[in-house]
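Undergrad: Sequence and predicted model, in that order:
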Amino acid sequence: MLIEVTDPADPRVADFTGLRDAHLRRPDVSRFIAEGVKIIERAFAAGCRPRSLLLQSRWLEGLAGVVDAWPEVPVYVAPEKLIERISGFHVHRGALGSFDRPPERPWEEILSGRRVIVCEDMVDHANLGAVIRTGAGLGWDAVVVSQGSADPLYRRAIKASMGASLVMPWRRMASDDDLARLRDAGFSLVASTLAPGAVPLDDFDAPGRVALLLGTEGQGLSAAWSDAADHHVTIPMTDAVDSLNVAAAAAILAHALR
């Protein structure tokens, strides 16, 4: 259903209005926004239910397959500048999709694997998306995020994950007590830390089931999470910098412990 849009205040494109608004970063909203043609295609491939699309006309041919498969979904067509006025930011390649937000995966599914990444208060959406992309690419089974972490389905996180957060099993913790849930399911909690006494990654013998604990961008793991861990590992590095970006550290650790 193709609909030309000429007015940025058109109520029919309300899903795409003001996408910088803080409320869209909350995990309790009913939708998520896919930015860019490739991410839109991956949202469809992941089985996400579309609400509407907002596109430049040049993308209609490339998305004809998915558009034809959902004839009841409105496809709003507008020039690039108008799309930016509606959304409030520079839209990558002038393509946005609004989809119903899928539910988080149940604990039973999360705990059925052997490798889980657990993020404590990771607030940067790009970092979280990169961590999820790394986990998916290196064969990890799931990602768990703390209550204070960013939303894996915020548009920047989805974009940074290249759509992996739409297919990688993930869920949000109810409280720090869920660390015990992981341990009770047979996972060893392996903390990434710079603290003295941590075992160099090269010397660490990974146990059978691993829950890799990653901390905040600035301070790393909290004392409570570090204390809760069964093992503490560190990435050997020079003194040229204080630490690695958490997404870079996640890639190194996830590769070594995969």
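TA: Yep, that arrived.
Undergrad: all helices of the stretch 51-200 of the chain, in order?
TA: Ranges of helices within the stretch 51-200 of the chain are 64-69, 80-87, 107-110, 125-137, 155-160, 178-184, based on DSSP state H, counting those that start in this stretch.
Undergrad: and residue 201, which of the ones you listed is closest to it?
TA: Nearest to residue 201 among these is helix 125-137 (15.3 Å), distances taken as CB to CB. Yep, even glycine has a C-beta here, placed from its N, CA and C like the rest.
Undergrad: so what secondary structure elements neighbour the closest one?
TA: strand 115-119, strand 142-145, helix 155-160, helix 246-256 (3 or more CB pairs under 8 Å, 6 or more residues apart in numbering; DSSP states H and E).
Undergrad: who's in contact with the shortest one?
TA: To tie it back to what came earlier, the one meant is strand 142-145. For strand 142-145, the external contacting residues (CB atoms under 8 Å, 6 or more residues apart in numbering) are 105, 109-110, 113, 116-119, 122, 128, 131-132, 135, 152, 168-173, 178, 182, 211.
Undergrad: now do 7 Å
TA: Strand 142-145 is contacted from outside by 110, 113, 116-119, 122, 132, 135, 152, 168-173, using CB atoms under 7 Å, 6 or more residues apart in numbering.
Undergrad: Can you get me the centre-to-centre distance for it and its chain?
TA: For strand 142-145, the separation from the chain centroid amounts to 9 Å (computed by CA atoms, centre = their mean, to the nearest Å).
Undergrad: So in that sheet, which strands flank that strand, and in what orientation?
TA: Here strand 142-145 has these sheet partners by DSSP bridges: strand 115-119 (parallel), strand 170-172 (parallel).
Undergrad: Make JSON lines out of those strands and add mean neighbour count, mean pLDDT and distance to residue 251.
TA: Below are the strands paired with strand 142-145 laid out as JSON lines (neighbours: other CB atoms under 10 Å; pLDDT from 0 to 100; distance: least, CB to CB, whole Å):
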{"stretch": "strand 115-119", "mean neighbour count": "25", "mean pLDDT": "98", "distance to residue 251": "11"}
{"stretch": "strand 170-172", "mean neighbour count": "19", "mean pLDDT": "97", "distance to residue 251": "17"}
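Undergrad: of all these, which lies closest to residue 199?
TA: Nearest of the strands paired with strand 142-145 (CB to CB): strand 115-119, 18.3 Å.
Undergrad: Nearest to residue 15, out of the helices of the stretch 51-200 of the chain?
TA: Nearest to residue 15, of all the helices of the stretch 51-200 of the chain, is helix 80-87, at 9.8 Å by CB to CB.
Undergrad: residues in contact with the closest one?
TA: Contacts for helix 80-87 (CB under 7 Å, 6+ apart): 5, 8, 13, 16, 17, 19, 54, 56, 90, 91, 94, 96.
Undergrad: Tabulate the CA atom coordinates of it in PDB.
TA: In PDB, the C-alpha atoms belonging to helix 80-87 read as follows (Å, rounded to 0.1, in the frame of the first residue of the first chain):
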ATOM      1  CA  GLU A  80      15.100  12.400   2.000                       C
ATOM      2  CA  LYS A  81      14.800  15.900   3.500                       C
ATOM      3  CA  LEU A  82      11.200  15.300   4.600                       C
ATOM      4  CA  ILE A  83      12.100  11.900   6.200                       C
ATOM      5  CA  GLU A  84      14.700  13.700   8.200                       C
ATOM      6  CA  ARG A  85      12.200  16.400   9.300                       C
ATOM      7  CA  ILE A  86       9.800  13.700  10.400                       C
ATOM      8  CA  SER A  87      12.400  11.600  12.300                       C
END
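Undergrad: Pull out the buried residues from stretch 53-60.
TA: 53, 54, 55, 56, 59 (16 or more other CB atoms under 10 Å).
Undergrad: what's the model's confidence in that stretch, averaged?
TA: Confidence for stretch 53-60, expressed as mean pLDDT, is 94.
Undergrad: outside of that stretch, which residues touch it?
TA: Stretch 53-60 is contacted from outside by 13, 16, 37, 40, 73, 75-80, 83, 86, 94-97, using CB under 7 Å, 6+ apart.
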